[in-house]
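**Student:** model the following, please.
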Amino acid sequence: MFESLSDKLSGIFDKLTRRGALSEADVNEALREIRRALLDADVALDVVRSFTDKVRDRAVGAGVVKSVTPGQMVVKIVNDVLIETLGQDAQPIDLAATPPVAIMMVGLQGAGKTTTAAKIAKRLKERYGKRVLMASLDVKRPAAQEQLAVLGRQVEVDTLPIVAGQTPVQIAKRAMEAARLQGFDVVLLDTAGRTHIDEPLMAEMAEIKTSAKPHEILLVADALTGQDAVNLAQNFDERVGLTGIVLTRMDGDGRGGAALSMRYVTGKPIKLIGVGEKMDALDEFSPTRIANRILGMGDIVALVEKAAQAIDAEQARKAAERMAKGKFDLQDLCDQLAQVEKIGGLGGIMGLLPGVAKMKDQIAASGFDDKMVRRQRAIILSMTPRERRNPDLLKASRKKRIAAGSGAKVEEVNKLLKQHRQMADLMKSFGAGKRGGMMGKAAQMMGLGPGMQMPSQEELQKLQEKLGVQQPKGAPGGIPAAPPPDLFSKPSLPGLGGGLLSGLNPFGKKK
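**Tutor:** Predicted structure coming up:
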């Protein structure tokens, strides 16, 4: 997500921050490169012009030129203007209405409306405790209603029973009536799409809106369509009146131009972004956190949030207790690798850490990637439980059996065992058994120490307050947008995965 734009901007800022002082010519040269980078990222021309004009007005002045670190000041200005362009504050789905709250999903065919509806239903149910009913109003696409029913069973959310021969308006009325009678909090109306915008589509959307009176009308747009997504949003807004936008396939678009353009051109907030195929691959769109990612400053709050959701509290406590005694066997290593995969894999974790984008080539050359994690887990899982708990049992014949069972080479098994020995030595040397030990502190910071629970929503919010976070207006709960505590600081991630990443650097060398 935004990989291409982030790489280009990082290169531009590296040149600026190396200079002791900046002249107006230096700023103009940087702005020309920024303009090219934005246009290459498929950002609308009007947005690019407005963006560079705002940066120039703030950057060209005595206060910046005479600054001790003028290059960093320009980076901060670009960061501020990026946040303004993306919408300033996060605006999650608004549920502040008398139940049942109707949410109408609109968009073209193939943008991912049905899948997104199921993702939103799962999110509202699990994060906010809402009782959700989904209803498919698509009577034209074959098996569209059956598809929503299947997804409903997958995410354990109720769907409106299918009645053949009904019109979309009749289905919408039936869904609202069923929700009122059965006590549902939210009704998700999945409307039909077309391959292109036409009058019958718009007329149908307007009729459904009049009938169901939705509290939210969300446009689902494919981020890969670039500037066409902006035109699509304008057309739907003029005819139906949008309250927000959901961008899908953001994980497949390294440019991100649609996200930068849509909020500015339409004035409608981007509320959610789809970042994968899984049902939980849906994130709130936080302008501050997205701007941080674009500028390579990471997103620590998002990483903490993912860790809190993915890590098994009981398993983590047991791991912390074992580490406190200086114990770390191959089963522990396998468990930590599994937790890394749950959080999003090494790629997902690295993408949220500040400054890691500049190390991409080194990380790639080291072979430290998600494939390596899966290979290592396969090797460990090919061992017997007794071998995992007692690595000293692994002699030549056993190593051959393990290598054959996991499809690896004996050399890879040896490499894994050597890596494990290094990590086990680190666990002991960190003084985990002492109250003030490094591993003990890391476990306490992540809420994994003995007798401590996984961080609650309130505890996460307190963490964010320490980082300078403000709760967005109208948020129904959950994790708010998180501006960086200090634009140029390098926050560290405490104890992620019970010590796997804190104990081993990306290049497999002992610290």
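**Student:** what helix or strand is residue 427 on?
**Tutor:** Residue 427 belongs to helix 410-429 when assigned by DSSP states H and E.
**Student:** pull out the buried positions in that helix.
**Tutor:** 412-413, 416-417, 419-420, 422-424, 426-427 (16 or more other C-beta atoms under 10 Å). Every residue, glycine included, has its C-beta placed from N, CA and C.
**Student:** do the same with stretch 46-62
**Tutor:** Buried, per 16+ other C-beta under 10 Å, within stretch 46-62: 47-48, 51-52, 54-56, 58-60.
**Student:** now those in CSV, with pLDDT and distance to residue 387?
**Tutor:** As requested, the buried residues of stretch 46-62 are exported to CSV (pLDDT from 0 to 100; distance: C-beta to C-beta, whole Å):
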residue, pLDDT, distance to residue 387
47, 84, 59
48, 86, 59
51, 85, 58
52, 87, 61
54, 86, 62
55, 84, 59
56, 83, 64
58, 79, 62
59, 75, 61
60, 70, 66
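**Student:** of the residues you listed, just say which sits nearest to residue 160.
**Tutor:** Of all the buried residues of stretch 46-62, residue 47 has the smallest distance to residue 160: 39.8 Å, by C-beta to C-beta.
**Student:** OK, contacts around that closest one?
**Tutor:** Shown in contact with residue 47 (C-beta atoms under 8 Å, 6 or more residues apart in numbering): 38, 85, 260-261, 264-265.
**Student:** ok, and the most crowded of these?
**Tutor:** residue 260 (28 neighbours; other C-beta atoms under 10 Å).
**Student:** doesn't residue 86 make contact with that one?
**Tutor:** Yes. If you go by C-beta atoms under 8 Å, residue 260 and residue 86 touch, sitting 6.8 Å apart.
**Student:** what distance do you get for residue 389 to residue 418?
**Tutor:** Distance of residue 389 to residue 418, computed by C-beta to C-beta, to the nearest Å: 18 Å.
**Student:** and residue 57, by the same measure?
**Tutor:** 57 Å.
**Student:** likewise for residue 240?
**Tutor:** 62 Å.
**Student:** pLDDT weak spots in the stretch 301-450 of the chain?
**Tutor:** 301-313, 315-316, 324, 326, 343-369, 429-450 (pLDDT under 70).
**Student:** burial check on residue 373, number of neighbours?
**Tutor:** The number of residues packed near residue 373 is 18, by other C-beta under 10 Å.
**Student:** pretty sure it sits against residue 340.
**Tutor:** Yes. Contact criterion C-beta under 8 Å: residue 373 and residue 340 qualify, at 6.2 Å.
**Student:** angles on the backbone of the nearest residue to residue 385 once chain neighbours are set aside, please.
**Tutor:** Leaving aside its sequence neighbours, residue 385 sits nearest to residue 331 (C-beta to C-beta, 6 or more residues apart in numbering; 7.3 Å). Dihedral angles of residue 331 (phi, psi; degrees, to the nearest 10) stand at phi -70, psi -40.
**Student:** enumerate every residue touching residue 331.
**Tutor:** For residue 331, the contacting residues are 380, 385, 388-389, by C-beta under 8 Å, 6+ apart.
**Student:** which of those has the largest number of neighbours?
**Tutor:** Ranked by neighbours (other C-beta under 10 Å), those are led by residue 380, which has 24 neighbours.
**Student:** same for the helix or strand that contains that one, what does it pack against?
**Tutor:** If you go by DSSP H and E, residue 380 is part of helix 370-381. Under the contact criterion of 3 or more C-beta pairs under 8 Å, 6 or more residues apart in numbering; DSSP states H and E, helix 370-381 touches helix 330-343, helix 345-352, helix 396-406, helix 410-429.
**Student:** can you lay out the buried residues of stretch 46-62 as CSV showing secondary structure and distance to residue 249?
**Tutor:** Below are the buried residues of stretch 46-62 laid out as CSV (DSSP: H, G, I helix; E, B strand; the rest coil; distance: C-beta to C-beta, whole Å):
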residue, secondary structure, distance to residue 249
47, helix, 20
48, helix, 23
51, helix, 24
52, helix, 28
54, helix, 29
55, helix, 29
56, helix, 33
58, helix, 33
59, helix, 34
60, coil, 38
